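Undergrad: predicted model and sequence below, questions to follow.
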Amino acid sequence: MTAVLAETFYLSAQEMLEQSRVQGDFFLSDADHKDWKELLQLGEGSTASDFVENAKNAGDSVMARLYSHVKNEEGRIDEQIDRETGAQKSAKTLTWSHANVLHALHIRSKLASAIESPLEFIQ
């Protein structure tokens, strides 16, 4: 589920990037974006491009944290990470855990390409 959290940040960044390409780099209202602004630590006067950057960075932070817990496990990703010790636990080497990581990285790659190519929309 950790990789799914990162993917959620990446997908929200994609959506905001698409909106800003249609509407221009608009300011984020508290009425429409209050929870996201708080979650992404965006202050008054934040724009859609600020959202995209912070959401991408939040996803990257989640993935980096996941990597820090599994990097010495020879590629194994178990079902859970113990919140106290950081050790992997529960069901061992779950296919869907690996699939979640790969899918999050795929979504991130599409986001990074879209950010670098301002004239292309994310498909």
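TA: All right, it came through fine.

Undergrad: tell me how many other residues crowd residue 44.
TA: 8 (other CB atoms under 10 Å). Bear in mind the C-beta positions are built from the backbone N, C-alpha and C, glycine included.

Undergrad: Three-state assignment for it, please.
TA: When classified by DSSP: H, G, I helix; E, B strand; the rest coil, residue 44 comes out as coil.

Undergrad: and the pLDDT at it?
TA: You'll see residue 44 listed with a pLDDT of 92.

Undergrad: kindly list the main-chain dihedrals of it?
TA: phi -60, psi 140 (degrees, to the nearest 10).

Undergrad: do the same with residue 72
TA: The phi and psi torsions at residue 72 (degrees, to the nearest 10) take the values phi -100, psi 20.

Undergrad: if I look at it, how far off is residue 92?
TA: From residue 72 across to residue 92, the span is 15 Å (CB to CB, to the nearest Å).

Undergrad: for residue 4, same thing?
TA: 19 Å.

Undergrad: quick check: mean pLDDT of the strand or helix carrying residue 55?
TA: Per DSSP states H and E: residue 55 is located in helix 48-70. Mean pLDDT, helix 48-70: 95.

Undergrad: one more: stretch 12-27?
TA: Mean predicted confidence for stretch 12-27 is 95.

Undergrad: now do the helices in this structure.
TA: For the chain, the helices defined by DSSP state H occupy 2-23, 30-39, 48-70, 95-116.

Undergrad: pull the CA atoms of the third one into CSV?
TA: The C-alpha coordinates for helix 48-70 follow below in CSV (Å, rounded to 0.1, in the frame of the first residue of the first chain):
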residue,chain,number,x,y,z
ALA,A,48,-1.3,24.7,-9.7
SER,A,49,2.4,24.4,-10.6
ASP,A,50,3.2,24.6,-6.9
PHE,A,51,0.7,21.7,-6.3
VAL,A,52,2.3,19.7,-9.1
GLU,A,53,5.8,20.1,-7.7
ASN,A,54,4.8,19.4,-4.1
ALA,A,55,2.7,16.4,-5.0
LYS,A,56,5.5,14.9,-7.1
ASN,A,57,8.0,15.5,-4.3
ALA,A,58,5.6,13.9,-1.8
GLY,A,59,5.3,10.8,-4.0
ASP,A,60,9.1,10.7,-4.3
SER,A,61,9.5,11.0,-0.6
VAL,A,62,7.1,8.0,0.0
MET,A,63,9.0,5.9,-2.6
ALA,A,64,12.4,6.9,-1.0
ARG,A,65,11.1,5.8,2.4
LEU,A,66,9.9,2.5,1.0
TYR,A,67,13.3,2.0,-0.7
SER,A,68,15.1,2.7,2.6
HIS,A,69,13.3,-0.2,4.2
VAL,A,70,13.7,-2.8,1.4
